[in-house]
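>>> The sequence isn't on hand, but the structure is:
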């Protein structure tokens, strides 16, 4: 392929990525302004989100109360299933560790579910935080659910601790993590890409929050922990429960 043709294809891919980003911005009731393009071997796109709002419209992260519960609206395990999928695609030696516990068809299915989860905005959960009077929230990304719970616990006004009793994971990811030696997933410290919001709510409000997420977005949400009187730390409950998200979700929502 000639250099000119390669450049044309590169520009076409960049244009498609921009259109996807613009679509996501519209879904978030925002827009893309400005931009810069550079030649790069890989097609990547990114941006910085800014907003202007009143202080009263911001739910601060430090008002959790003893008796609250913790809810999350996305399953865990993005890093695990993405790695397993690429091992399979490239037929790497590491794939031998997991091929006896997950079929190729299951790996592909769960990979696409994880991709959809990562592409899904947290906007719906954020809007419902206001409706149901959330007392605080954080996103679950690079430090895993326990790491981010601990960071939020440290800034609480009240002397409370966060106890995680349930880890909701993508279908098959727990057994794959164990087979592959990804011990961090079940320790709550596995990094997530575009993970869900971990939200502190009164118990009845949390139940209504989870129900409305499922009704409005066609995706499950879970109550994963409790807020108790404590020393501003987070920990996993000794009898930790692992629950799997459905293998087939309504990805058209």
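Structure's in. What do you need? Computed from a predicted model, the values in this text were never measured in an experiment.
>>> Determine the number of other residues adjacent to residue 236.
Residue 236 has 19 neighbours, counted by other CB atoms under 10 Å. C-betas here are computed from N, CA, C, even on glycine.
>>> Give me the phi and psi for it.
phi -90, psi 140 (degrees, to the nearest 10).
>>> Now for it: which residues touch it?
146, 163, 164, 165, 187, 188 (CB atoms under 8 Å, 6 or more residues apart in numbering).
>>> what's the answer for residue 246, then?
Neighbours of residue 246 in contact, by CB under 8 Å, 6+ apart: 171, 220.
>>> Would you mind giving me the PyMOL syntax to select the buried ones in the contacts of residue 236?
In PyMOL, this line selects whichever of the contacts of residue 236 come out buried by 16 or more other CB atoms under 10 Å:
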select buried, resi 146+163+164+165+188
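>>> Quick one: the contacts of residue 236 as TSV, columns for distance to residue 239 and secondary structure too.
Conversion of those to TSV gives the following (distance: CB to CB, whole Å; DSSP: H, G, I helix; E, B strand; the rest coil):
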residue	distance to residue 239	secondary structure
146	16	helix
163	11	strand
164	12	strand
165	8	strand
187	15	coil
188	14	coil
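>>> Nearest to residue 235, out of the contacts of residue 236: which one, please.
residue 163 (6.3 Å; CB to CB).
>>> my guess is the closest one contacts residue 224, does it?
No. Counting by CB atoms under 8 Å, residue 224 is not a contact partner of residue 163; they are 9.7 Å apart.
>>> Can you add distance to residue 177 and pLDDT and give the contacts of residue 236 back as CSV?
What follows is these, written out as CSV (distance: CB to CB, whole Å; pLDDT from 0 to 100):
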residue, distance to residue 177, pLDDT
146, 15, 99
163, 22, 99
164, 17, 99
165, 19, 99
187, 10, 98
188, 12, 98
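>>> any chance of the contacts of residue 236 in TSV, with distance to residue 132 too?
Below are these laid out as TSV (distance: CB to CB, whole Å):
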residue	distance to residue 132
146	24
163	21
164	20
165	20
187	30
188	24
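>>> give me the number of residues near the closest residue to residue 245 other than its chain neighbours?
Spatial nearest neighbour of residue 245, excluding adjacent residues (CB to CB, 6 or more residues apart in numbering): residue 75 at 4.1 Å. Residues lying near residue 75 (other CB under 10 Å) number 29.
>>> same thing with residue 232?
Close neighbours of residue 232, defined as other CB under 10 Å, add up to 18.
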